[in-house]
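**Q** Generate coordinates for the sequence data below:
(chains A, B, C and D)
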Number of protein chains: 4
Amino acid sequence: MKTNKLSVGIWTYGKCSDRYVSDGYKPFLDFDQRIEKIKSLKENCGIELNYPNDLNEENYKERMCKLSEAGLKVSVINVELVCETQWKHGSFSSFDSSMRELAILRTKKAMDIAEVCNCNTLNLWLGLDGFDYVFEADYRKGWNYLVEGIRECAKYRPNIRLALEYKINEPNMKCYINSAGKALALCLLTGCSNVGVTLDFGHSLNANENPAESAALLMGEKRLFHVHINDNYGICDDDMPAGTVHWPQFIEFIYWLDKLGYSEWISVDIYPYRDEAQQANQATIDFVRFVEKVAANLKVDFFDGTFPKGMSITRLIEAFKHLE
Amino acid sequence: MKTNKLSVGIWTYGKCSDRYVSDGYKPFLDFDQRIEKIKSLKENCGIELNYPNDLNEENYKERMCKLSEAGLKVSVINVELVCETQWKHGSFSSFDSSMRELAILRTKKAMDIAEVCNCNTLNLWLGLDGFDYVFEADYRKGWNYLVEGIRECAKYRPNIRLALEYKINEPNMKCYINSAGKALALCLLTGCSNVGVTLDFGHSLNANENPAESAALLMGEKRLFHVHINDNYGICDDDMPAGTVHWPQFIEFIYWLDKLGYSEWISVDIYPYRDEAQQANQATIDFVRFVEKVAANLKVDFFDGTFPKGMSITRLIEAFKHLE
Amino acid sequence: MKTNKLSVGIWTYGKCSDRYVSDGYKPFLDFDQRIEKIKSLKENCGIELNYPNDLNEENYKERMCKLSEAGLKVSVINVELVCETQWKHGSFSSFDSSMRELAILRTKKAMDIAEVCNCNTLNLWLGLDGFDYVFEADYRKGWNYLVEGIRECAKYRPNIRLALEYKINEPNMKCYINSAGKALALCLLTGCSNVGVTLDFGHSLNANENPAESAALLMGEKRLFHVHINDNYGICDDDMPAGTVHWPQFIEFIYWLDKLGYSEWISVDIYPYRDEAQQANQATIDFVRFVEKVAANLKVDFFDGTFPKGMSITRLIEAFKHLE
Amino acid sequence: MKTNKLSVGIWTYGKCSDRYVSDGYKPFLDFDQRIEKIKSLKENCGIELNYPNDLNEENYKERMCKLSEAGLKVSVINVELVCETQWKHGSFSSFDSSMRELAILRTKKAMDIAEVCNCNTLNLWLGLDGFDYVFEADYRKGWNYLVEGIRECAKYRPNIRLALEYKINEPNMKCYINSAGKALALCLLTGCSNVGVTLDFGHSLNANENPAESAALLMGEKRLFHVHINDNYGICDDDMPAGTVHWPQFIEFIYWLDKLGYSEWISVDIYPYRDEAQQANQATIDFVRFVEKVAANLKVDFFDGTFPKGMSITRLIEAFKHLE
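**A** Next comes the predicted model:
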């Protein structure tokens, strides 16, 4: 079992607003304060940022210097296509051609920045490319715009990878890219090998998937570009620290990433509304390291018709013993 | 079928923030602008407000005058116990005695205001009386604080009714008052007849209940004090206009409220993030009026062992015909 | 709005066992009795059967005669790959090569029968191609076996279409082909144009999809081969008559099938455990005819940035008026 | 941390039918064969049986001898009110007075048998006291029949406890006793202290509860009479071995049972469709013993406003180390 390359999303140090407490549960921290925090996390060496909020044409030189001094690498850059009011009716799939163009333009610019920042992967989370009501959206047009827009960006810089972060809903009540399967279908339909998927552990649970299975599917098709970790109760995207709810599935997930030779980043993507961000991030990192040890201790034989299947629990228990 | 007494929540005209777009999807409207909107809705005569944000000791006289001029009655007053950062670790059930006292004090003050405003019902939605993580909360203490605090308030003014609005989660990942059954149990445990329940149609769906059944349960025990209407896809509390998703269940709900003699307010409680609030409220009101006609047209015989059960669909279809 | 071509699954007249009442809620009816029932349904002209239980090499001539006399066309033939104990560890994806071969062989034989019965579509529901526990299945192998096996069958008779019926779970706790997106990805990976999808309305809801959107996706890629209709409460595959729960989504689904030029069969796939099958099937058929009228009455304009979105409910209400 | 008193449901050795494979995935075992199996489980001393299938007026003497020889105590007796076709329209809440009377009579007889078998608790799982369709059931009548019937039985033998096993659905699409809260409300409404609740770990998850919280609620009101353990993916009642999915919640559950002084039985209630029953039961028992050790190792401080909450994960990890 190799030691995974970990990274932390800068947004985990946000005010953590929700729809009730729009001013957030915690004070605002600026970029430098956040870097200071992330720098002091143990066993982490990466940071995931947003374009253009965290990193852009104006500030990238200065900020890359700071990150370098802090010993942090940019794992992945997110293109902001949700968290501004202007995207309220979508980005790549919007009925409004000017918004589609803006989404494509912004993505290309983010690719340029990624290039100069030595980051080869953009994360595209398209939470407002979907719909709320029945009879609201022209699904064919929306989907085709999505495929075409992403293809256009992918062709713009074939050496930069676009990772689609699927999620079943939120902010839209229904999102187009809602499962590992649909994200994979979209990749295949673009015909571009630099279009892949970000598997967010919690989003996969919300889609009623088993995350390890989705990882295996995507790795097999060479489309697993990035991973987000967190946890939830299976209904909403609670974005809690990894380890708060799902243990066997998380262990299996880490096991399969290793088995399949995943060597990309794993980013902590939590949203610790009423918790202290630094400790919540460290707890997530520590949980990964703990799980790596457990997984290394684990004897796995896939079911071959020889009973019992339930042996897996027995073996999991065994794997937890004799950990130093 | 009687014509139901409808009311609209003033918050439906808010900016509609969410955790991504904390500044909201829409411009801010002040109290007067909102009254102007609600006043012009057809077939509505009530307004649901918050204490102390909308109505308080300082402004109630002036605002009650305005409402009276606008022809609007105060249906129910909500006590604000969630949407301020101070409640982040709970109100009635907080581990912190000063916060519990503040929650009780605020509720009593809201009861005073309700009294002078000729409103006999307070809505208590306790969305932060719960927990996020396992091993976080001392459940026994939390629950006992809840029962005792609500009992104390109930005894303060027995002529003012406290309606507990249950919801399975949000903002807390798990809320104590999470179902019609648990809300009813809490009412019974207080021993006070002026503690009852607000049935929010969408919350009932999120709890995998059938809203009409929950209404019947609560009415039978004389604990259904208030109703909120909206709709959702069954997973999250989407707070969409009534009629966007569930028709047979909504028709059955209105049918049962009538059958059981419910004569209290029904309030529109939607949160039209990316939709126009005025039309979304009017659509909800119109849907209720439409459903009242359908329900009046409907022949209902409960299943008595005579097949077929599926007849209910046939009769629903019939009820939709010959509507003018 | 065209009149859809309807068909009924012969299994809807079964004993309706479940895991508690394994002997079923109703008496057994044989093939002839079932045909007699289906024949007398109004506005239906098709029947969906299973290979080899209902139709096989031995009986197809005689049974096709009977069906012809009854005025029934074979819409689609299901290949039985779940409901026999032998499939308990899977069919196309089994770790056991002899079971995989058996699945392929049976599917090819079913294709032969389809050919001679003038039926161009097989339904493949692979409910035991999945897993129950974590660490049970070798996901890569399973998925590859699935893709290869289906490809082999597809190439065997390119004029017979294979329609994959996706479902999130059951009988396996997790099934491989679990969403419209994953089914589409599988189709694309086979490289065969005669591999497509069966969209089961209830399965689509269970996957938290919006059925009309999934239909649009699949039609756009020329992969929507078959449709099953029923309804459920959104959690389990209740297989109740269409119209029992979801109206706007069902209307939108029928609207989009028409808009996209779907001209294939729509089969009633219900499982009326404690209800009378004949009336439950007729109610479903009647609901479709009713919805066709409503949809024809409906004015649809997709959202173009002009508020309000909620207009769709208003228009739905309008569409229900003046129905004769 | 005390060592819990464990018991195994005799039905775990059944054929494990489901609605697809009605003949089951495994061969039939008779009573003696099942006793032989349960007897050889390690760290188990109880058995949970059904009245009248496993234990009745005719056979109880002989069977109690056998159980005694096998060293097994009868933990709890289940009253069969679901798994026979006759209950298809309900038992205690049926519209049919003769069925209601039969349910009451059978329950009283089961109480008589419990008395002579030195078992003080009956389990009542009323999976067909509910409804499938809207407009099917007269909810008020149904609920009142339920309360009255259970009260009548409770008064018949006040020394025998009736434990209501709540479950959100199945076989009925919606069941009346669907949550811990509603079960508690029903207990309170009967006014009988010998009416309590069976908390089934998986049913609690299906109701989106946190099982430890529900246990604390019920223990506090002296209504937690019995516990069933198993696990599932949070959607359906998969009845998999404990430990297959949820670890932190299970650990917390065992921790709270101990903290609250629960000294009743904990029964293994799994349904290992495609797994070997003996090993699946043993794995569940072993998991409990493992968790007891972990819980004993665990330092718990409830959140008191001092950050961080996420500390609970760190402490869980610590608790897993140094286990022998």
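**Q** Show me the helices in chain A, by range?
**A** Under the criterion DSSP state H, chain A carries helices at the ranges A:31-39, A:60-69, A:97-116, A:139-156, A:180-190, A:201-206, A:211-220, A:248-259, A:277-297, A:311-320.
**Q** Select, out of these, the one closest to chain D.
**A** helix A:277-297 (3.5 Å; CB to the nearest CB). Any C-beta I mention is one placed from the backbone N, CA and C, and that applies to glycine too.
**Q** Briefly note if that closest one comes near chain B.
**A** No - under the criterion of CB under 8 Å from any CB of the partner chain, chain B is not reached by helix A:277-297; the shortest gap measures 9.8 Å.
**Q** In this model residue A:243 seems to touch residue A:232, though I could be wrong.
**A** No - counting by CB atoms under 8 Å, residue A:232 stays clear of residue A:243, with 11.9 Å between them.
**Q** How about the contacts made by residue A:225?
**A** A:121, A:161, A:162, A:163, A:196, A:197, A:198, A:264 (CB atoms under 8 Å, 6 or more residues apart in numbering or on different chains).
**Q** Could I get the contacting residues of the residue nearest to the spatial centre of chain A?
**A** Central residue of chain A (CA atoms, centre = their mean): residue A:228, 3.6 Å from the mean position. Counting by CB under 8 Å, 6+ apart, residue A:228 makes contact with A:9, A:165, A:198, A:199, A:200, A:201, A:202, A:203, A:266, A:267, A:268, A:269.
**Q** can we see that at 7 Å?
**A** A:198, A:200, A:201, A:267, A:269 (CB atoms under 7 Å, 6 or more residues apart in numbering or on different chains).
**Q** what do you get for residue A:50?
**A** A:78, A:80.
**Q** picking up where we left off before, which one's more surrounded, residue A:232 and residue A:243?
**A** residue A:243 (27 against 20; other CB atoms under 10 Å in any protein chain shown).
**Q** what about the nearest residue to the more buried one once chain neighbours are set aside, distance to chain B?
**A** Closest residue in space to residue A:243, ignoring its immediate chain neighbours: residue A:287 at 3.7 Å, by CB to CB, 6 or more residues apart in numbering or on different chains. Separation of residue A:287 from chain B (CB to the nearest CB, to the nearest Å): 13 Å.
**Q** next one: residue A:120
**A** 26 Å.
**Q** residues near that residue, how many?
**A** Residue A:120: 19 neighbours (other CB under 10 Å).
**Q** Would you confirm that it contacts residue A:160?
**A** Yes - Residue A:120 lies in contact with residue A:160 (CB atoms under 7 Å); the separation is 6.0 Å.
**Q** any common contacting residues for the two?
**A** residue A:114.
**Q** re earlier: got JSON lines for the helices of chain A, with mean pLDDT too?
**A** Output for the helices of chain A, formatted as JSON lines (pLDDT from 0 to 100):
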{"stretch": "helix A:31-39", "mean pLDDT": "98"}
{"stretch": "helix A:60-69", "mean pLDDT": "97"}
{"stretch": "helix A:97-116", "mean pLDDT": "98"}
{"stretch": "helix A:139-156", "mean pLDDT": "98"}
{"stretch": "helix A:180-190", "mean pLDDT": "98"}
{"stretch": "helix A:201-206", "mean pLDDT": "98"}
{"stretch": "helix A:211-220", "mean pLDDT": "98"}
{"stretch": "helix A:248-259", "mean pLDDT": "97"}
{"stretch": "helix A:277-297", "mean pLDDT": "95"}
{"stretch": "helix A:311-320", "mean pLDDT": "85"}
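**Q** Tell me which of those helices lies nearest to residue B:5.
**A** Among these, helix A:201-206 comes nearest to residue B:5, with 38.5 Å by CB to CB.
**Q** could you check whether that closest one is close to chain B?
**A** No - if you take CB under 7 Å from any CB of the partner chain as the test, helix A:201-206 misses chain B, and the best it gets is 8.5 Å.
**Q** Show me what that helix is in contact with.
**A** By CB under 7 Å, 6+ apart, helix A:201-206 touches A:166-168, A:180, A:211, A:214, A:228-232, A:234, A:237, A:239, A:242, A:246, A:253.
**Q** for the residue nearest to the centre of chain A, which residues make a bridge with it?
**A** residue A:200, residue A:267 (DSSP bridges).
**Q** how far away is it from chain D?
**A** 17 Å.
**Q** if we can go back for a sec, run a quick neighbour tally on the residue nearest to residue A:243.
**A** The burial count for residue A:287: 25, using other CB under 10 Å.
**Q** can you check residue A:193 too?
**A** 12.
**Q** And for residue A:66?
**A** 15.
**Q** just checking, it touches residue A:35?
**A** Yes - between residue A:66 and residue A:35 a contact is recorded at 6.0 Å, counting by CB under 7 Å.
**Q** Return the residues of chain A in contact with chain C.
**A** Counting by CB under 7 Å from any CB, chain A sits next to chain C at A:89, A:95-96, A:132-140, A:143, A:168, A:174, A:179, A:181-182, A:184-185, A:188, A:208, A:210, A:212-213, A:216-217, A:220, A:248-249, A:252, A:300, A:302-305, A:309, A:312.
**Q** at 6 Å instead, please
**A** A:95-96, A:133-136, A:138-140, A:143, A:168, A:174, A:179, A:181-182, A:184-185, A:188, A:208, A:210, A:213, A:216-217, A:220, A:248-249, A:252, A:300, A:302-305, A:309, A:312 (CB under 6 Å from any CB of the partner chain).
**Q** hmm, which of the residues you listed are the buried ones?
**A** Neighbour-count burial (16 or more other CB atoms under 10 Å in any protein chain shown) applied to these gives A:95, A:133-136, A:138-140, A:143, A:168, A:174, A:179, A:181-182, A:184-185, A:188, A:208, A:210, A:213, A:216-217, A:220, A:248-249, A:252, A:300, A:303, A:309, A:312.
**Q** Return only those of the residues you listed found close to chain D.
**A** Answer for these near chain D (CB under 6 Å from any CB): residue A:309.
**Q** what sits against residue A:113?
**A** A:51, A:60 (CB atoms under 6 Å, 6 or more residues apart in numbering or on different chains).
**Q** give me that answer again for 7 Å
**A** By CB under 7 Å, 6+ apart, residue A:113 lies in contact with A:51, A:55, A:56, A:57, A:60, A:77.
**Q** Look up the closest residue to the fourth one, ignoring the ones flanking it.
**A** What sits nearest to residue A:57 in space, not counting adjacent residues and going by CB to CB, 6+ apart, is residue A:113, at 6.9 Å.
**Q** now do the second one
**A** Leaving aside its chain neighbours, residue A:55 sits nearest to residue A:49 (4.9 Å; criterion: CB to CB, 6+ apart).
**Q** Spit out the contact partners of the one you found.
**A** A:10, A:55, A:74, A:77, A:78.
**Q** cool, residue A:163 as well?
**A** A:121, A:122, A:123, A:124, A:196, A:197, A:198, A:225, A:226.
**Q** for chain B, what are the nearby residues on chain A?
**A** So chain A meets chain B at A:17-23, A:25, A:82-83, A:85, A:88-89, A:127, A:132-133, A:169, A:171, A:173, A:233, A:235-236, A:238, A:240, A:244, A:273-274 (CB under 7 Å from any CB).
**Q** Filter those residues down to the buried ones, ChimeraX style.
**A** Listed next is the ChimeraX selection for buried residues among the residues of chain A next to chain B, using 16+ other CB under 10 Å:
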select /A:17,18,19,20,21,22,25,82,83,88,89,127,132,133,169,171,173,233,235,236,238,240,244,273,274
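**Q** re earlier: overlap of the contact sets of residue A:232 and residue A:243?
**A** Common neighbours of residue A:232 and residue A:243 (CB under 7 Å, 6+ apart) do not exist.
**Q** how about the contacts of residue A:225 in JSON lines, adding distance to residue D:279?
**A** Below are the contacts of residue A:225 laid out as JSON lines (distance: CB to CB, whole Å):
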{"residue": "A:121", "distance to residue D:279": "44"}
{"residue": "A:161", "distance to residue D:279": "44"}
{"residue": "A:162", "distance to residue D:279": "46"}
{"residue": "A:163", "distance to residue D:279": "41"}
{"residue": "A:196", "distance to residue D:279": "40"}
{"residue": "A:197", "distance to residue D:279": "37"}
{"residue": "A:198", "distance to residue D:279": "38"}
{"residue": "A:264", "distance to residue D:279": "38"}
